[in-house]
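Asks: Fold the following, please.
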Amino acid sequence: MKYILEAKDLSKRYQDKLALKGLNLQLETSEIFCLLGQNGAGKSTTINLLLGFLQPTSGAAFIHGLEVAQNPLAILKHLAYIPEQVMLYPNLTGLENLSLFSGLAGFSYSQEELMAYLQQAGLPANAAGKRVGTYSKGMRQKVGIAIAIAKHAKVLLLDEPTSGLDPKASNEFSELLLQLQAKGTAVLMATHDIFRAKEVGTRVGIMREGELVDVLPTQNLNANELEKLYLNYMHN
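Replies: Numbering: from 1, shown residues only. Sure thing, here's the model as predicted:
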């Protein structure tokens, strides 16, 4: 298995609108791939197809060598997902949420192990026993990252994870992604944040009207150059 995540001619049509047009995309282990594009460009559709939340009109998506549409439950063992609004149980504590979601993935951890995962994800120890309903967005994301670590997720899918975060929380989130990358996790992140995409991404893909119009390695680009390229695509 060469790629941990792959889309082959992946398309999605809603009635008369083609939301995704023949996407071809491959991610290797330890890669952070950032999808840039305006609202309606196809970023969220791509992520929902990779999660198995949507069925493709044509083509196929693969996670860890498994075709997503044929193996919707099996792929979840290899995946973690953090949407724009992290879906946790507000009446449970951070610790209880982590215990629940790691348990659903088939893992059983002691309280000490769960606390260690939360601390690894940067959640303050005094917050672990508080109800998630009292958490900031940044704190909820840290629980989401802890779930990904506890599940030993090979692929992390992110949809606009830094929207609404202050600069400090955004920076902490970037650091966590780089730590996961160092452990071999592949990350696909849909974002509007060009600076963050340049900072953490190994490659950036630019989407427009359901098509992946360009893929760029970030190492030879600065954020200003990336912004100019992006705006050029949006205005042509």
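Asks: In the record's domain split, what are the boundaries for the chain?
Replies: 5-78+154-235, 89-151 (automatic domain parsing).
Asks: Reformat those domains as a markdown table; add mean neighbour count.
Replies: Placement of C-beta: from N, CA and C, glycine included. Supplementary listing: the domains of the chain in a markdown table, determined by neighbours: other CB atoms under 10 Å:
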| stretch | mean neighbour count |
| --- | --- |
| domain 5-78+154-235 | 18 |
| domain 89-151 | 18 |
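Asks: Could you export the ones you listed to JSON lines, including columns for mean pLDDT?
Replies: Output for the domains of the chain, formatted as JSON lines (pLDDT from 0 to 100):
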{"stretch": "domain 5-78+154-235", "mean pLDDT": "93"}
{"stretch": "domain 89-151", "mean pLDDT": "95"}
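Asks: secondary structure class for L216?
Replies: What DSSP: H, G, I helix; E, B strand; the rest coil gives for L216 is strand.
Asks: which stretches of the chain form helices?
Replies: 43-51, 94-104, 111-120, 137-150, 167-182, 194-200, 223-235 (DSSP state H).
Asks: In a markdown table, list these along with distance to L23.
Replies: Shown next, in a markdown table, are the helices of the chain (distance: least, CB to CB, whole Å):
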| stretch | distance to L23 |
| --- | --- |
| helix 43-51 | 6 |
| helix 94-104 | 29 |
| helix 111-120 | 33 |
| helix 137-150 | 24 |
| helix 167-182 | 22 |
| helix 194-200 | 18 |
| helix 223-235 | 16 |
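Asks: So which of those is nearest L5?
Replies: In terms of CB to CB, the element of the helices of the chain nearest to L5 is helix 43-51, at 6.8 Å.
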